[in-house]
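Chemist: need coordinates for the following:
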Amino acid sequence: MYNLVAGIILVLLQVEFALAEQIQKNVIGSPLKICCTQLVTGYYRDGYCRTGPDDLGTHVIAATVSKEFLDFTRSRGNDLQTPRPEYNFPGLKAGDKWCLCALRWKEAEQAGLAPPIDLEATSSKALEFISLDTLKKHQSPG
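Modeler: All right, here's what the predicted structure looks like:
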């Protein structure tokens, strides 16, 4: 009986997860696209810059990080460059794609150090923190 109940719960969670993925939109109103498949990024480590109630950092900005941004965020206490094998984190280098916290990206933008972003892979949740006009100014080419 326990296995049956556990199986049903697992199926329901999978359905809920699939529906949540379908519902999330990007900042331009179309379905959210994947940010990266080479590095395991996103709060849910599925490659998407999507969020949920447990994501206190709001990891919704799909960016291609620059050395300047990486140094900036390190100076603010978030070192994304150093590998952390205990978390299966290889460390980032300039040119890597990564889901960034909305407020850290905004802080970097205000300092003139915002990395370029992929609007199609940036969650609409970002619009609660940053205007679409500002995001468009940093749209990555191609």
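Chemist: every contact and neighbour count from this point should use C-alpha atoms.
Modeler: Will do.
Chemist: and the strands in this protein?
Modeler: Here the chain has its strands, by DSSP state E, at 59-64, 97-101.
Chemist: how about the contacts made by the most centrally placed residue in the chain?
Modeler: Note on the chain: the residue nearest the mean C-alpha position is Cys99, at 2.5 Å, using C-alpha atoms, centre = their mean. Contacts for Cys99 (C-alpha atoms under 8 Å, 6 or more residues apart in numbering) come out as 35, 41-43, 48-49, 59-63.
Chemist: still on that earlier bit, just name the most buried of the strands of the chain.
Modeler: strand 59-64 (a mean of 29; mean count of other C-alpha atoms under 10 Å).
Chemist: so where's the protein uncertain?
Modeler: Residue ranges of the chain with pLDDT under 70: 1-23, 142.
Chemist: now do stretch 61-80: distance to the chain's middle.
Modeler: Relative to its chain's centre, stretch 61-80 lies at 13 Å (C-alpha atoms, centre = their mean, to the nearest Å).
Chemist: all set, thanks.
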